[in-house]
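Novice: no letters, just coordinates:
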């Protein structure tokens, strides 16, 4: 029997049905915002925002291909959540002087999970 391994490149059928990849990404993001007037010159803002995605990738090179056969898989998730709390003030000290600004704090949480196999 002869050697049926391709010399230079795989044929299109083989590339499409035997050496193929699977890629999938699902994403969810959004935010929630709440404003509350404490006084006529002071207000508070609370905000939560999130970004999440799951990533899945597989790559196959079948036996009999041009090159080394193999399989690799990647599963990953990423999540970031931001929390903001702001105090907004706009106070007239007198007719000519106004004091305005924002005081606030931010907290950020990030989680990554990755699984690889070959």
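Specialist: Perfect, thanks for sending it. Model, not experiment: these values are computed from the prediction.
Novice: what residue ranges in the chain score low on pLDDT?
Specialist: Low-confidence regions of the chain, defined here as pLDDT under 70, cover residues 1-6, 118.
Novice: direction included, what does the strand ranked longest in the chain pair against?
Specialist: Identified as the longest strand of the chain according to DSSP state E is strand 70-92. Sheet pairing of strand 70-92 (DSSP bridges) gives strand 42-61 (antiparallel), strand 98-117 (antiparallel).
Novice: report the buried residues of the first one.
Specialist: Meaning strand 42-61. With burial defined by 16 or more other C-beta atoms under 10 Å, the residues of strand 42-61 counted as buried are 47, 61. Just so you know, the C-beta spots here come from the backbone N, C-alpha and C atoms, and that holds for glycine as well.
Novice: related to what we said a few turns ago, out of the strands paired with strand 70-92, flag the one nearest residue 68.
Specialist: For residue 68, the closest of the strands paired with strand 70-92 is strand 42-61, at 7.0 Å, according to C-beta to C-beta.
Novice: count of neighbours near the nearest residue to residue 51 once chain neighbours are set aside?
Specialist: With C-beta to C-beta, 6 or more residues apart in numbering as the criterion, residue 51 has its nearest non-adjacent residue at 4.4 Å, and that residue is residue 29. Residue 29 has 10 neighbours, counted by other C-beta atoms under 10 Å.
Novice: what packs against the host helix or strand of residue 29?
Specialist: Here residue 29, judged by DSSP states H and E, is contained in strand 21-37. On a contact count with 3 or more C-beta pairs under 8 Å, 6 or more residues apart in numbering; DSSP states H and E, strand 21-37 meets strand 42-61.
Novice: what angle separates the strand it packs on from strand 21-37?
Specialist: In terms of direction (axes from the mean of the first three to the mean of the last three C-alpha atoms, to 10 degrees), strand 42-61 departs from strand 21-37 by 180 degrees.
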